[in-house]
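> okay, here's the prediction I keep looking at, along with the sequence it came from:
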Amino acid sequence: MQTQDFYILHQFILSQTANFIVHCKEYGLSEFEADRIIDELEELANG
């Protein structure tokens, strides 16, 4: 993967993570709970 492609992918992941945290807060979850969910999803993705 080229450096520019990696940068674009990294920015996309950061923006999606931020959007997810906003949605969690809208549903009444804390940022801590959103972070916990993200950590669990990362563990699932990594096997």
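Perfect, I can see it now.
> does Gly28 count as helix, strand or coil?
Under the three-state scheme (DSSP: H, G, I helix; E, B strand; the rest coil), Gly28 adopts coil.
> low-confidence stretches in this structure?
For the chain, the stretches flagged by pLDDT under 70 are 1.
> apply 80 and report the result again.
1, 47 (pLDDT under 80).
> what helix or strand is Cys24 on?
Cys24 belongs to helix 3-26 when assigned by DSSP states H and E.
> so which elements touch the helix or strand following that helix?
Using DSSP H and E, the helix or strand that follows helix 3-26 towards the C-terminus is helix 31-46. With contacts taken as 3 or more Cβ pairs under 8 Å, 6 or more residues apart in numbering; DSSP states H and E, helix 31-46 sits against helix 3-26. The C-beta positions use only the backbone N, C-alpha and C, and glycine is treated the same way.
> elements contacting the helix it packs on?
Here helix 3-26 touches helix 31-46, going by 3+ Cβ pairs under 8 Å, 6+ apart.
> relative to Gln4, how far out is the residue most central in space within the chain?
Per Cα atoms, centre = their mean, the C-alpha nearest to the average position across the chain is that of Thr17, at 2.8 Å. For Thr17, the distance to Gln4 equals 21 Å [Cβ to Cβ, to the nearest Å].
> give me the angle between the helix holding Cys24 and helix 31-46.
130 degrees (axes from the mean of the first three to the mean of the last three Cα atoms, to 10 degrees).
> pull out the buried residues from helix 3-26.
By neighbour count on 16 or more other Cβ atoms under 10 Å, the buried set for helix 3-26 is 21, 24.
> what's it in contact with?
Helix 3-26 has contacts (Cβ atoms under 8 Å, 6 or more residues apart in numbering) with 1, 30-31, 33-35, 37-38.
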